[in-house]
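[1] Need coordinates for the below:
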Amino acid sequence: MTDNQTCDLSNRNCEPCQGGIPALSLEDANAMMDELHNDWQLSSDGKEISREFKFKGFARAVQMANLIAWVGDQQGHHPDIGFGWSYCSVKFTTHEISGLSTNDFICAAKLDQIVANT
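    The predicted structure follows:
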């Protein structure tokens with residue numbers, strides 16, 4: 001991941017979700033993974049990306065869940081979020097197309113940028 005690549009995605013905004021467009025291929029999704037932090041994982045079927053954050057305690061995990069929710073709300077692209085004592089996990093997928101879209105990677109890159117700057 002280079003700073004320029006991440007900045008390119010993190011400076012973009014999500015397009016409204018619409019059906020009838022193909023999900024990213026596994027090959028395209030793998031290529032886009034290079035633009036994200038190394039902690040992001042691509043599911044084996046190429047339909048979602050996920051990342052887990054670790055903390056000491058509960059409050060920071062809740063704060064991260066709120067931050068992720070805020071990013072999703074700002075972009076109109078809402079992830080699945082899980083959290084508990086010492087962890088917060090996030091999964092991005094585009095439900096409308098049953099797979100990944102560029103929107104998922106834009107939101108992940110925006111989250112990476114915020115986390116890197118805090």
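[2] now the longest helix belonging to the chain, how far from the chain's geometric center?
    The longest helix of the chain (DSSP state H) is helix 59-75. How far helix 59-75 lies from its chain's middle: 12 Å, per CA atoms, centre = their mean, to the nearest Å.
[3] ok, now stretch 26-35?
    13 Å.
[4] so who does Gln41 touch?
    Ile49, Ser50, Arg51 (CB atoms under 8 Å, 6 or more residues apart in numbering). All C-beta spots, glycine's among them, are computed from the backbone N, C-alpha and C.
[5] Report the separation between it and Gln74.
    Remark: distance between Gln41 and Gln74 (CB to CB, to the nearest Å) = 24 Å.
[6] mind listing what the spatially most distant residue from the centre of the chain touches?
    Going by CA atoms, centre = their mean, the residue of the chain most distant from its centre is Gly57, 22.9 Å out. Gly57 makes contacts with Trp85, Ser86, as judged by CB under 8 Å, 6+ apart.
[7] The longest helix of the chain: which residues count as buried?
    Under the neighbour-count criterion of 16 or more other CB atoms under 10 Å, helix 59-75 has Arg60, Ala61, Met64, Ala65, Leu67, Ile68, Val71, Gly72, Gln75 buried.
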